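*Asks:* give me the fold of what follows.
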Amino acid sequence: MLTPLVFCWMFVGAASFNLLTEESITAVLGRNVSLPCSFSVPVLAVYWYKHEFSGAPDDDAILIASDYMGFTDPIPGFERFRIGDDYRLVINDVLLLDETTYSCIVVPHHFDNQRGYTDLRVIALANPQVPIISSCETTEPGRCSFIIEEDEEGVTLDCNIYNARPPANVTWTSSDGSVKNNTEQQIYEKDGVFNISSQLWVSINEIGEDFVCVATGESVNGTSTLVVTVKYLPEIGLSSGSTAWIATSLLFLVIIAVLTIVYILRKRKRQDQLADLEDELLPLVAPKQGMQQLTETDILDVTHETNLDHGQLRNLLTELHIEAADMLTEKDRNTRASDLKLKAFHVLCVWRKTEGINATRGTLRNALHKCGYIEALGILDERWGLNSQDNEQNVICSKIGSQISRKVCGRLV
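*Replies:* Residues are numbered from 1 along each chain as shown. Sure thing, here's the model as predicted:
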């Protein structure tokens, strides 16, 4: 807020110089402000002083900034204060404690020193700048709705302005602009700023009307308003369309829940069936006896049975540290017509170590057939049929195949 300049005149003979300062300046808390000090003659130095309080004598003033022939070193403890362009005093991040009188001393070349004074006033803008009513739902900028229960006979509206300096004036009016007299205003100070509250009682006969909370003053940049409509809580009803949508949604959820339960029960039943089959098959694939060591003749017969050539089998058995590998001295030899199915699978599962772990129904049937587990093979075909196949069957086949590999192949797998 600017006021007319105060002119300090000094006459020396026929010559004089002018010192101009402003009588009063208003600053906003937290912002920057500058205090002018101008003159019409060259000067040696300019000094700015802060007085202990507004109107305090010069003897109590403290030097806060100086410019001597162009040198403007900051004064310790007053770093927020500096001399700017045209020798004006600049104050950064204004505090409430900065509110006082400041004086500018000018030292000219050929005239006596002159001193000008400026009173600094600090205000704080309300935060926010608009009135606030707790529990009032904003419907549009500057307007809100206050909802009350149907059985309430009235309500007290509490309109607030926060962190203002000086305190704003808060009043209530009707929508036609007439002032409401049934109000009460309270002001609370904290750390130099003020919270202002104004209460209005709205009777049952005024429900549905608009009321305006009006805040005025520097701290709200003039005038700030909030229009409030008091309403009863609306009854919650459902249209026929909404009812149909809710019913359809509930029916859909019920169907999903039933299908989920059916799926879970069927899956559990299937898992129980597979577990029963596994319990029946595994005892039937107990390790055979007489497989501790292969003879030379057995190895050649196995080669023929599994379609492994002589070199492949010898390399395999050597890698697995099987003593029978040393007996493979000839590539071909007559085979005897004995049942070597178990020995064939023995070598086969050694050669293809993952055969049992990755078994499908087909590989499991082949394994059971090669090993002579005819009873287990019959149970498998009876339960699933000759061509039946699915993922769950593959899982159980893998388990049984893995068991066969461990039991039949022993330490070689």
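*Asks:* ranges for the helices of the stretch 151-300 of the chain?
*Replies:* Taking DSSP state H, counting those that start in this stretch, the helices of the stretch 151-300 of the chain run over residues 240-281, 296-306.
*Asks:* other SSEs contacting the longest one?
*Replies:* Looking back up the chat, that one is helix 240-281. In this structure, helix 240-281 packs against helix 374-384, helix 391-409, with contacts taken as 3 or more C-beta pairs under 8 Å, 6 or more residues apart in numbering; DSSP states H and E. Using the backbone N, CA and C atoms, a C-beta is placed for each residue, glycine as well.
*Asks:* the first one packs against which elements?
*Replies:* In this case it means helix 374-384. Using 3+ C-beta pairs under 8 Å, 6+ apart as the contact criterion, the elements in contact with helix 374-384 are helix 240-281, helix 361-370.
*Asks:* tell me which residues in stretch 31-40 are buried?
*Replies:* When burial is assessed from 16 or more other C-beta atoms under 10 Å, stretch 31-40 yields the following buried residues: 33-37, 39.
*Asks:* again with stretch 191-211
*Replies:* With burial defined by 16+ other C-beta under 10 Å, the residues of stretch 191-211 counted as buried are 193-200, 202, 206-207, 211.
*Asks:* related to what we said a few turns ago, of the helices of the stretch 151-300 of the chain, which shows the lowest average pLDDT?
*Replies:* When the helices of the stretch 151-300 of the chain are compared on mean pLDDT, helix 296-306 scores lowest, with a mean of 51.
*Asks:* could you list the domains of this protein?
*Replies:* In terms of domains, the chain is parsed into 5-123, 132-232, 281-412 (source: automatic domain parsing).
*Asks:* in terms of mean pLDDT, which of those ranks lowest?
*Replies:* Lowest mean pLDDT within the domains of the chain: domain 281-412, at a mean of 54.
*Asks:* list the helices and strands the helix or strand harbouring A65 packs on?
*Replies:* Secondary structure assignment for A65, by DSSP states H and E: strand 62-68. Contacts of strand 62-68 with other secondary structure elements, assessed using 3+ C-beta pairs under 8 Å, 6+ apart, are made with strand 43-50, strand 81-83.
*Asks:* between the first one and strand 62-68, how big is the angle?
*Replies:* It stands for strand 43-50. What separates the directions of strand 43-50 and strand 62-68 is an angle of 160 degrees, with axes from the mean of the first three to the mean of the last three C-alpha atoms, to 10 degrees.
*Asks:* can you pull the buried residues of strand 43-50?
*Replies:* By neighbour count, with 16+ other C-beta under 10 Å as the criterion, the buried positions of strand 43-50 are 43, 45-50.
*Asks:* using CSV, write out every CA atom in it.
*Replies:* Included here for strand 43-50 are C-alpha records, laid out as CSV according to Å, rounded to 0.1, in the frame of the first residue of the first chain:
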residue,chain,number,x,y,z
VAL,A,43,26.5,10.8,-2.1
LEU,A,44,29.4,9.2,-0.3
ALA,A,45,27.3,6.7,1.6
VAL,A,46,23.8,5.4,2.4
TYR,A,47,22.9,3.7,5.7
TRP,A,48,19.7,1.8,6.5
TYR,A,49,18.6,1.4,10.2
LYS,A,50,16.0,-0.8,11.8
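*Asks:* show me what that strand is packed against.
*Replies:* Using 3+ C-beta pairs under 8 Å, 6+ apart, the elements in contact with strand 43-50 are strand 62-68, strand 81-83, strand 101-108.
*Asks:* those into TSV, with extra columns for mean neighbour count and distance to Q271?
*Replies:* As requested, these are arranged in TSV below (neighbours: other C-beta atoms under 10 Å; distance: least, C-beta to C-beta, whole Å):
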stretch	mean neighbour count	distance to Q271
strand 62-68	17	87
strand 81-83	21	84
strand 101-108	21	90
